[in-house]
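Peer 1: Here's my sequence, what's the structure:
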Amino acid sequence: MESQEYASESVAPADVGQWLRAHGWRRVAQLGDIAQRWQGEEAQVVVPMLESSPDFGLRWSEMLGLLSKALDTDEAGILLAISKSGSDVAEFRAAGQIDDSLPLGDAATFIDSVRRWMQASANSVLQPRSYFGHSVPDAARDHARKVRMGQTRRGSYVVPVISRLPILSPEDEDDAVLFDEVSYQPFARSAMLRLAEGLGTLRDLTHGVSAPSRSRITEAVGAGVSSELCEAVANTLETESIASLDVSFSWAERLPVAHAPRAVRLEDGAVAVIREVENFLKGEPVVGRQTVTGYVKRLDRGEDDQVGRVTLRILDNDKARNVTIELNDDDYHVAGEANTERKMVSATGVLNRTPGRALRFTEVDQFRFLDDLPLFVD
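Peer 2: Numbers count the residues shown, from 1 in each chain. Below is the predicted model:
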């Protein structure tokens, strides 16, 4: 039973297949959605896929036993390796007047702040804003619920947050290009990257010798800084026992990431400035720019129209969706060429989300080919 719970919470059956493939194993047979057989250099293993199956726990344990024997390690080591391969991990380390324990109230503030950071970063991926208030998208709430908290460790107070990257595939063959490894980042990865970027940008804003300008604060919204992020950081650093916060990131081996932040340090001496940034962002609502990538699905322009309407197919929260965008003559020409030559494009501007309505992209700053990445591979 313990193995079954671990499979559903930390390592999914699909994770095992991805990990085996990365280590040179080949899938040699599949029984529907029930099981897969994988062949290594000197061993075979059956991976149970249907977690609702009555004998899933037994087959999962058998699989772990065979893998641990074949790879000369223990079952915990196998699970740890698979989990590390498919999960991004952020470790929040609080330091100050802490030995092997933390006052309960401070711990509650700290953990609640971690939850709010995760939600704020997910919000910022969906639509960068200076202040979200009660308008929190369901996708952001779901992300904050899905991430897992690992066990705390001695030596300061460490809260590891584990974000598993899903293994997804397109429902429509035409959308396969959107999931190409060159351009695709799962929502969970994008949210973790935005968290790292937002905390790093907040440190740059608030830990310098001079107060940040209004323009710098406004620009920081696009990097993931929001009133909610500032408030959660300040709440933690204002507790009696926590004087500094170190956040370190380790990224899933399954999906390599270049130039990603590895560590950020925030200190209680900057709390006053952080509060000033928080209040500014709360009082001056700002919507940050963001960039979407996809392919041109439809073109629509009448003879007398001043602008052309284009439908882009993009990934939004790991799902392929349409977004409408109005373009000037030059950009509409680029869209037409992209549609004809089947090339990917990117657009930078403001993504408008209205519940129950189609996505709209406005205030377009840039519309261009995406590094000549071909739409379909022959």
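Peer 1: how far away is G269 from I217?
Peer 2: Using Cβ to Cβ, to the nearest Å, G269 is found at 19 Å from I217. Just so you know, the C-beta spots here come from the backbone N, C-alpha and C atoms, and that holds for glycine as well.
Peer 1: Pick out whichever of these two has more residues nearby.
Peer 2: Higher neighbour count among G269 and I217: I217, with 23 against 12, using other Cβ atoms under 10 Å.
Peer 1: Spell out the secondary structure type for that one.
Peer 2: Here I217 takes the helix state, with states given by DSSP: H, G, I helix; E, B strand; the rest coil.
Peer 1: Can you tell me the element the residue lying closest to R115 once chain neighbours are set aside falls in?
Peer 2: Among residues not flanking R115 along the chain, A144 sits closest, at 5.6 Å (Cβ to Cβ, 6 or more residues apart in numbering). A144 belongs to helix 138-146 when assigned by DSSP states H and E.
Peer 1: Can you name the residues in contact with that helix?
Peer 2: Residues outside helix 138-146 that contact it (Cβ atoms under 8 Å, 6 or more residues apart in numbering): 115-116, 118-119, 122-123, 126, 163-164, 187-188, 191, 317.
Peer 1: Just list what the helix or strand containing V233 packs against, helices and strands only.
Peer 2: Take DSSP H and E as the rule and V233 turns out to sit in helix 227-237. Helix 227-237 sits against helix 104-126, helix 187-206, strand 242-250, strand 263-267, helix 271-283, with contacts defined as 3 or more Cβ pairs under 8 Å, 6 or more residues apart in numbering; DSSP states H and E.
Peer 1: And the longest one, what does it pack against?
Peer 2: If I follow you right, that is helix 104-126. Using 3+ Cβ pairs under 8 Å, 6+ apart, helix 104-126 is in contact with strand 87-96, helix 138-146, strand 157-164, helix 187-206, helix 227-237.
Peer 1: Pull the distance from that helix to the chain's centre.
Peer 2: 15 Å (Cα atoms, centre = their mean, to the nearest Å).
Peer 1: Name the residues of that helix that are buried.
Peer 2: Neighbour-count burial for helix 104-126, with 16 or more other Cβ atoms under 10 Å as criterion, is recorded at 106-107, 109-111, 113-114, 116-126.
Peer 1: okay, it in CSV with CA atoms only?
Peer 2: What follows is helix 104-126, C-alpha atoms only, in CSV (Å, rounded to 0.1, in the frame of the first residue of the first chain):
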residue,chain,number,x,y,z
LEU,A,104,4.9,27.4,15.7
GLY,A,105,3.5,30.8,14.7
ASP,A,106,6.6,31.6,12.7
ALA,A,107,6.5,28.2,11.1
ALA,A,108,2.8,28.7,10.1
THR,A,109,3.7,32.1,8.6
PHE,A,110,6.6,30.6,6.7
ILE,A,111,4.7,27.7,5.2
ASP,A,112,1.7,29.9,4.3
SER,A,113,4.2,32.3,2.6
VAL,A,114,5.6,29.4,0.6
ARG,A,115,2.1,28.5,-0.6
ARG,A,116,1.4,32.1,-1.6
TRP,A,117,4.7,32.3,-3.5
MET,A,118,3.8,29.3,-5.5
GLN,A,119,0.4,30.7,-6.3
ALA,A,120,1.7,34.2,-7.2
SER,A,121,4.3,32.7,-9.6
ALA,A,122,1.5,30.7,-11.3
ASN,A,123,-0.6,33.8,-11.5
SER,A,124,2.3,35.7,-13.2
VAL,A,125,2.7,33.0,-15.8
LEU,A,126,-1.0,33.2,-16.8
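Peer 1: That one vs strand 157-164, what angle?
Peer 2: Using axes from the mean of the first three to the mean of the last three Cα atoms, to 10 degrees, the inter-axis angle of helix 104-126 relative to strand 157-164 is 30 degrees.
Peer 1: Likewise for the fourth one?
Peer 2: Relative orientation of strand 263-267 and strand 157-164, computed by the same axes, to 10 degrees: 140 degrees.
Peer 1: what mean pLDDT does strand 263-267 have?
Peer 2: Mean pLDDT, strand 263-267: 96.
Peer 1: helices and strands around that strand, which ones?
Peer 2: Going by 3+ Cβ pairs under 8 Å, 6+ apart, strand 263-267 lies up against helix 187-206, helix 227-237, strand 242-250.
Peer 1: Just the buried residues of that strand, please?
Peer 2: In strand 263-267, counting by 16+ other Cβ under 10 Å, buried: V264, L266, E267.
Peer 1: for A35, what are its contacts?
Peer 2: Residues counted as contacts of A35 (Cβ under 8 Å, 6+ apart) are V46, V47, P48, M49, L50, R59.
Peer 1: Show me the beta-bridge partners of G308.
Peer 2: Beta-bridge pairing for G308 (DSSP bridges): L327.
Peer 1: residue contacts, it?
Peer 2: L299, D300, R301, E326, L327, D329, Y332, A335.
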